[in-house]
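# all I have is the shape, not the residue letters:
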Ligand code: PAN
Ligand code: ZN
């Protein structure tokens, strides 16, 4: 076959998640972008909640999309800062996350409400199988940074999450993070 792309290398700052060279603009997510995802909407529309730094390649099955995500520490009315979370549009597409810095939780859920939570930290390598929605939560005092790699044509379905949320929410408790059932989710299933 005639190769479609030339090889390339990017230097990744393992602490901050920055890329050099930066092949695409970072994609910041502010309070205003996260309306409908927390139990209570963020008060400050200008607050930076997280930032995605993509290494762009064609969004096709033959390519591997790669990006870093850095979530700032903090809470929104007691819920730790987190990503929107999504199913893949092509549901069977899988993904790998690698924790680089900070302390987090990866929350995964199936469409019938089963859920699963894994701690994230430097070196934690997470396999997210097809059919599992995924959301990352920064439960620490420092930024949480991780690398994501996934099949290029996966796509992100946020509408299902906007409608139902995840089966569980992660709040700051007296002794650290507390995972509890989301009262708004229509079908909370087993903890897997
Ligand atoms: C990740 C996520 C990234 C931001 O690259 O897209 O961490 O999270 P949201 O997309 O939920 O806002 C990934 O899972 N890609 O498929
Ligand atoms: Zn994904």
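Looks like it arrived, so ask away. In this text the structure is predicted, and so the values were computed from the model without any measurement. Ligands and ions are numbered 1, 2, ... in the order given.

# contacts, neighbours, all on C-alpha from now
Noted.

# residue 78: neighbouring residues, count only.
The tally of other residues near residue 78 (other Cα atoms under 10 Å) stands at 15.

# list the contacts for it?
Residue 78 is in contact with 171-172, counting by Cα atoms under 8 Å, 6 or more residues apart in numbering.

# what about it, distance to residue 169?
Look at residue 78 and residue 169: by Cα to Cα, to the nearest Å, they are 10 Å apart.

# mind listing what residue 41 touches?
31, 34-35, 76.

# how about stretch 92-99 and ligand 1, touching?
No - Stretch 92-99 is not in contact with ligand 1 by Cα under 6 Å from any ligand atom; minimum separation 6.9 Å.

# average model confidence for that stretch?
The average of the pLDDT scores along stretch 92-99 is 98.

# what does that stretch contact?
By Cα under 8 Å, 6+ apart, stretch 92-99 touches 120-131, 145-151, 154.

# ok, and the closest non-adjacent residue to the residue of the chain found nearest ligand 1?
Residue nearest to ligand 1 within the chain: residue 85 (3.3 Å; Cα to the nearest ligand atom). Once flanking residues are discounted, residue 85 sits nearest to residue 135: 4.1 Å by Cα to Cα, 6 or more residues apart in numbering.

# quick check: bridge partners of the one you found?
Beta bridges link residue 135 to residue 107, judged by DSSP bridges.

# for it, which residues are in contact?
82-86, 106-108.

# hmm, try it at 6 Å
Taking Cα atoms under 6 Å, 6 or more residues apart in numbering, we find residue 135 in contact with 83, 85, 106-107.

# same thing with residue 131?
91-92 are the contacts of residue 131 under Cα under 6 Å, 6+ apart.

# show me where this structure has its helices.
Using DSSP state H, the helices of the chain run over 159-164.

# what does it have sitting close to ligand 1?
52, 67, 69, 83-86, 135, 148.

# put together CSV for those residues, with pLDDT on each row.
Output for the residues of the chain next to ligand 1, formatted as CSV (pLDDT from 0 to 100):
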residue, pLDDT
52, 98
67, 98
69, 98
83, 99
84, 98
85, 99
86, 98
135, 99
148, 99
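
# roughly how far apart are the residue lying closest to residue 148 once chain neighbours are set aside and residue 25?
Once flanking residues are discounted, residue 148 sits nearest to residue 97: 4.5 Å by Cα to Cα, 6+ apart. Relative to residue 25, residue 97 is positioned 21 Å away (criterion: Cα to Cα).

# these two: which has the busier surroundings?
The residue with more neighbours, out of residue 97 and residue 25, is residue 97; 23 against 11, by other Cα under 10 Å.

# what's the distance between that one and residue 83?
Distance from residue 97 to residue 83, by Cα to Cα: 13 Å.

# ditto for residue 27
From residue 27 across to residue 83, the span is 12 Å (Cα to Cα).

# most neighbours among the residues of the chain next to ligand 1, please name it.
Per-residue neighbour counts (other Cα under 10 Å) across these peak at residue 69, which has 27 neighbours.

# understood, closing this out.
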